[in-house]
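[1] coordinates only, no sequence provided:
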């Protein structure tokens with residue numbers, strides 16, 4: 001990946017980006033603050049800003065748009081009301097944007113997301129490939145025929161081992177005549 005710090009390079013790269021990615025970067029310009037990870041914006045305590053009224057408090061809630069660390073991929077807690085608002089981009093849309101950015105070589109300009117390639121690699125290194133049934137004392141549920149297959153194969157193996165005796169008994173009893181009277 002070429003250095004994206006040169007303004008001329010940035011303009012050339014921007015001309016090649018699809019409109020959807022350009023619109024995302026227009027709304028949420030890339031900053032170096034993303035590197036520090038997701039952060040929550042906060043307002044100063046009321047004692048420090050005595051001139052604020054409830055009406056201006058609501059206007060100050062737009063801090064989300066002025067905060068350089070705001071991440072549209074993460075939930076956000078309103079510092080005034082204390083309520084949580086969901087991420088602006090759901091996981092499917094995050095994946096679409098990340099895949100598009102990866103295709104055009106600008107993935108590192110995106111805010112932190114679980115869909116970023118390096119985040120996925122880090123998680124896989126930490127936890128390994130988490131497939132149910134691969135860990136200690138774990139089983140894959142599977143279909144019913146898969147779960148009962150071992151028992152059926154064992155029954156067949158035992159039956160095949162007893163087959164010579166059964167054939168001998170069958171021949172002694174008259175090739176099927178009186179077979180039903182065979183002792184159990």
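    Happy to help now that I have it. None of these values were measured; they are calculated from a predicted model.

[2] only C-alpha atoms for contact and neighbour calcs from this point on.
    Fine.

[3] how about the closest residue to residue 72 other than its chain neighbours, what does it touch?
    Once flanking residues are discounted, residue 72 sits nearest to residue 88: 5.1 Å by C-alpha to C-alpha, 6 or more residues apart in numbering. Each residue near residue 88 by C-alpha atoms under 8 Å, 6 or more residues apart in numbering is listed here: 72, 73, 74, 75.

[4] now render the residues you listed as CSV, adding distance to residue 12.
    Output for those, formatted as CSV (distance: C-alpha to C-alpha, whole Å):
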residue, distance to residue 12
72, 25
73, 26
74, 30
75, 33
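
[5] just curious, which of those residues is nearest to residue 102?
    residue 73 (16.4 Å; C-alpha to C-alpha).

[6] how about the closest one, what does it touch?
    Applying C-alpha under 8 Å, 6+ apart to residue 73 gives the contacts 87, 88, 89, 90, 94, 111, 112, 113.

[7] sec struct for it, please.
    Following DSSP: H, G, I helix; E, B strand; the rest coil, we place residue 73 in the coil state.

[8] domain ranges for this protein?
    Using automatic domain parsing, the domain parsing of the chain gives 8-126, 149-181.

[9] how about those, which one is nearest residue 142?
    For residue 142, the closest of the domains of the chain is domain 149-181, at 10.8 Å, according to C-alpha to C-alpha.

[10] pLDDT (mean, whole number) over the closest one?
    Across domain 149-181, pLDDT averages out at 86.

[11] pull out the buried residues from it.
    Using 16 or more other C-alpha atoms under 10 Å as the test for burial, domain 149-181 gives residue 170.

[12] sketch out the low-pLDDT regions of the protein for me.
    1-6, 32-68, 129, 133-138, 176-184 (pLDDT under 70).
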